[in-house]
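J.: compute the structure for the input listed below.
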Amino acid sequence: MHDYQRPPTLYRYGIRGDLEQALSQGEFILRPTAQCLTLSFSQVWDRNLFDLFSADACLIIHNTEEFGERIHRAVQRTLPSWAGIDGAIEYGTRAALGAAFTKTPAEAQEREWQFAWRAMQANLSLNPVMIKIGSIEQFAELRDRDTYLA
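T.: Below you'll find the model as predicted:
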């Protein structure tokens, strides 16, 4: 039995300029992985992840339900013949959600939560796609690695 409730907070480690665009415009790039387009976050604040992702900032999303619904609506508008789901990555065992949600035990420190979409018809291209969900400043913030989190 798996719990697919979104975690209360999501963290996206990256380059400050890209994350500023995500915060102010709601711009996110879906990337091809395992025959899906994906967008990944971490479920943890971990200073080591700044190094792992060559990041200088972290986008922290506090209202993950609102965020997730806006992400899924934007992808539905942009890619109407794609089906989406989000859930936790499983490390070292095949995930119930499939290959796109399965990673090696070595990657477990990432503690990922992933959004993924699969084409509902064959031959749709798997190229990166930018989506825009509008400003998320009312429920998200940017922090650098030295910001203390209680």
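J.: pull the distance from the helix or strand containing residue 118 to the chain's centre.
T.: Using DSSP states H and E, residue 118 maps to strand 112-119. Put simply, strand 112-119 sits 8 Å off its chain's centre (CA atoms, centre = their mean, to the nearest Å).
J.: neighbouring strands of that strand in the sheet, and parallel or not?
T.: Here strand 112-119 has these sheet partners by DSSP bridges: strand 36-42 (antiparallel), strand 82-88 (antiparallel).
J.: mean neighbour count, distance to residue 118 and mean pLDDT for the ones you listed - can I get that in a markdown table?
T.: The C-beta positions use only the backbone N, C-alpha and C, and glycine is treated the same way. Formatted as a markdown table, the strands paired with strand 112-119 follow (neighbours: other CB atoms under 10 Å; distance: least, CB to CB, whole Å; pLDDT from 0 to 100):
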| stretch | mean neighbour count | distance to residue 118 | mean pLDDT |
| --- | --- | --- | --- |
| strand 36-42 | 22 | 5 | 97 |
| strand 82-88 | 19 | 6 | 95 |
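J.: which one, of these, ends up nearest to residue 143?
T.: The closest of the strands paired with strand 112-119 to residue 143 is strand 36-42. By CB to CB, the value is 13.1 Å.
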